[in-house]
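Visitor: need the 3D shape of this:
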Amino acid sequence: MIKKYISSQRNLFNKDLKKFFDSYRTSNILQTAMWYSLSNGGKRLRPIILAEVSKALGLKKSRYLNMMLATELIHCYSLVHDDLPSMDDDDYRRGKLSTHKKFNEAQAILSGNGLLTLAFELLSKKYDSKISHEISKVSGAYGLAGGQSIDISLESKKLSLNKVLHIHELKTAKLFEFCVSAPFLDLADTNKANIARKYGNLLGRSFQIVDDIIDQDQDEDNKNILNYMSKENALALCYEYKVKADKYLNKLFPKKDTKLPEIFNYIIEQADS
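Guide: Numbers count the residues shown, from 1 in each chain. Got it, this is the predicted structure:
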């Protein structure tokens with residue numbers, strides 16, 4: 001059952017994450033705040049997806065683990081900064097105090113900065129520059145940071161559906177693009193890396209739509225897709241993305257079974273109930 005598989009992979013990754021960070025951190029407050037931000041639950045789907053692609057390519061865990069860790073570090077950094085009073089101003093994250101409420105705003109900013117730079121440290125230790133270059137694109141002005149900037153600038157404004165989907169692409173789908181394409185880049189297969197980005201984009205878009213449906217926080221967030229279409233139409237869009245994504249997946253792994261289709265279905269099914 002895919003739910004149990006994802007849970008087992010999440011537990012394994014959490015152990016890897018703790019082992020890595022225990023070897024890195026000291027007792028100073030910044031690293032305590034960084035670990036608080038990292039260990040605050042989470043689905044860990046991004047590193048799990050990266051691992052599934054890597055396994056299908058025959059890569060050993062020692063080869064792709066640093067990419068998994070870096071992906072989650074960057075995701076967690078973005079959440080720490082998103083929660084700040086000057087951004088989304090959220091006091092809680094997954095039922096626990098957000099980093100700036102647990103510590104203070106300055107330590108939260110530094111915690112996010114620390115996680116982001118630590119991700120690049122991990123990548124630069126193991127891979128050539130093309131991996132760092134790829135993740136810099138998806139986490140910077142053309143990805144996470146750019147999406148958050150647009151999000152803030154359009155707060156409380158009525159948007160078009162296309163604008164909402166564009167914000168989804170930058171804030172969420174771009175990092176999923178990295179998760180699917182990075183293993184191909186590591187093998188210098190640029191042609192399949194381009195196809196992988198398209199698969200990751202559709203997966204990430206679906207993930208964000210489902211997240212919006214689960215939140216249903218329409219009154220406070222004008223970017224929630226349920227302000228622009230019904231739940232039924234939003235789910236139909238996810239399934240449309242899935243059909244397109246499967247065609248790309250067949251090009252990536254024409255003769256291999258992977259758990260990616262099951263994971264994609266699992267993501268959608270979280271809202272289809």
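Visitor: ok, residue 255 to residue 47 distance?
Guide: 25 Å (CB to CB, to the nearest Å). The C-beta positions use only the backbone N, C-alpha and C, and glycine is treated the same way.
Visitor: and the helices in this structure, which stretches?
Guide: Here the chain has its helices, by DSSP state H, at 2-24, 29-38, 45-56, 61-82, 99-102, 105-126, 129-139, 144-153, 161-168, 174-186, 190-215, 231-252, 260-269.
Visitor: which one, of those, ends up nearest to residue 93?
Guide: Of all those, the one in closest proximity to residue 93, counting by CB to CB, is helix 61-82 (6.3 Å).
Visitor: what's the closest one packed up against?
Guide: With contacts taken as 3 or more CB pairs under 8 Å, 6 or more residues apart in numbering; DSSP states H and E, helix 61-82 sits against helix 2-24, helix 29-38, helix 45-56, helix 105-126, helix 129-139, helix 144-153, helix 174-186.
Visitor: let's have those in JSON lines, adding mean pLDDT.
Guide: Output for those, formatted as JSON lines (pLDDT from 0 to 100):
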{"stretch": "helix 2-24", "mean pLDDT": "95"}
{"stretch": "helix 29-38", "mean pLDDT": "94"}
{"stretch": "helix 45-56", "mean pLDDT": "98"}
{"stretch": "helix 105-126", "mean pLDDT": "96"}
{"stretch": "helix 129-139", "mean pLDDT": "96"}
{"stretch": "helix 144-153", "mean pLDDT": "92"}
{"stretch": "helix 174-186", "mean pLDDT": "98"}
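Visitor: please produce CSV containing those, extended by mean neighbour count and distance to residue 237.
Guide: Shown next, in CSV, are these (neighbours: other CB atoms under 10 Å; distance: least, CB to CB, whole Å):
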stretch, mean neighbour count, distance to residue 237
helix 2-24, 14, 22
helix 29-38, 20, 32
helix 45-56, 23, 19
helix 105-126, 18, 31
helix 129-139, 18, 22
helix 144-153, 17, 19
helix 174-186, 26, 16
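Visitor: rebuild the ones you listed as a markdown table, extending it with distance to residue 243.
Guide: Shown next, in a markdown table, are the helices and strands packed on helix 61-82 (distance: least, CB to CB, whole Å):
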| stretch | distance to residue 243 |
| --- | --- |
| helix 2-24 | 19 |
| helix 29-38 | 35 |
| helix 45-56 | 19 |
| helix 105-126 | 33 |
| helix 129-139 | 24 |
| helix 144-153 | 25 |
| helix 174-186 | 17 |
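Visitor: nearest to residue 195, of the ones you listed?
Guide: Comparing those under CB to CB, the one sitting nearest is helix 174-186, at 8.3 Å.
Visitor: elements contacting the closest one?
Guide: So helix 174-186, by 3+ CB pairs under 8 Å, 6+ apart, packs with helix 45-56, helix 61-82, helix 129-139, helix 144-153, helix 190-215.
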